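J.: missing the sequence, but the structure's below:
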């Protein structure tokens with residue numbers, strides 16, 4: 001089951017990409033991307049996750065393609081929104 005949602009992020013995208021890269025690398029993940037699009041992979045105590053993003057102006061389209069079964073899409077979206085709000 002994949003999760004898809006869009007998040008508004010009006011701040012500079014260079015800072016966003018750097019923060020996301022750091023966050024993913026802190027969980028022993030991988031991050032490949034630029035100011036247009038990218039892919040990421042990481043792990044949690046409940047299992048691995050992977051996804052991709054595309055930046056369209058101030059909107060970021062996020063797709064989580066693989067996630068732990070016990071973590072719902074709404075939880076993932078909430079965590080990502082909270083992370084982005086802290087790092088505006």
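T.: Received, thanks. This structure is a prediction, so every number in the text was calculated from the model and none was measured.
J.: Going by C-alpha atoms from here, please, whenever you check contacts or count neighbours.
T.: OK.
J.: Just confirm residue 75 is within a helix.
T.: Yes. Read with DSSP: H, G, I helix; E, B strand; the rest coil, residue 75 is one of the residues of a helix.
J.: Show me what residue 56 bridges to in the sheet.
T.: residue 59 (DSSP bridges).
J.: just checking, it touches residue 13?
T.: No. Using Cα atoms under 8 Å, residue 56 is not in contact with residue 13, being 10.5 Å away.
J.: With neighbour numbers in mind, choose between the two.
T.: The residue with more neighbours, out of residue 56 and residue 13, is residue 13; 18 against 13, by other Cα atoms under 10 Å.
J.: On the pLDDT front, check the more buried one for me.
T.: Model confidence at residue 13, given as pLDDT, is 89.
J.: That one: what's it in contact with?
T.: residue 35 (Cα atoms under 8 Å, 6 or more residues apart in numbering).
J.: roughly how far apart are it and residue 43?
T.: Using Cα to Cα, to the nearest Å, residue 13 is found at 24 Å from residue 43.
J.: How about the secondary structure of the residue nearest to residue 50 when sequence neighbours are not counted?
T.: Using Cα to Cα, 6 or more residues apart in numbering and skipping residues adjacent in sequence, the residue nearest residue 50 is residue 41, 4.2 Å away. For residue 41, the assignment made with three-state DSSP gives strand.
J.: can you pull the contacts of residue 41?
T.: Neighbours of residue 41 in contact, by Cα under 8 Å, 6+ apart: 24, 29-31, 48-51.
J.: of these, closest to residue 86?
T.: Minimum distance to residue 86 across those is 15.8 Å, recorded for residue 24 (Cα to Cα).
J.: The closest one is in what secondary structure piece?
T.: Using DSSP states H and E, the element containing residue 24 is helix 13-26.
J.: same thing with residue 82?
T.: Using DSSP H and E, residue 82 falls in helix 73-86.
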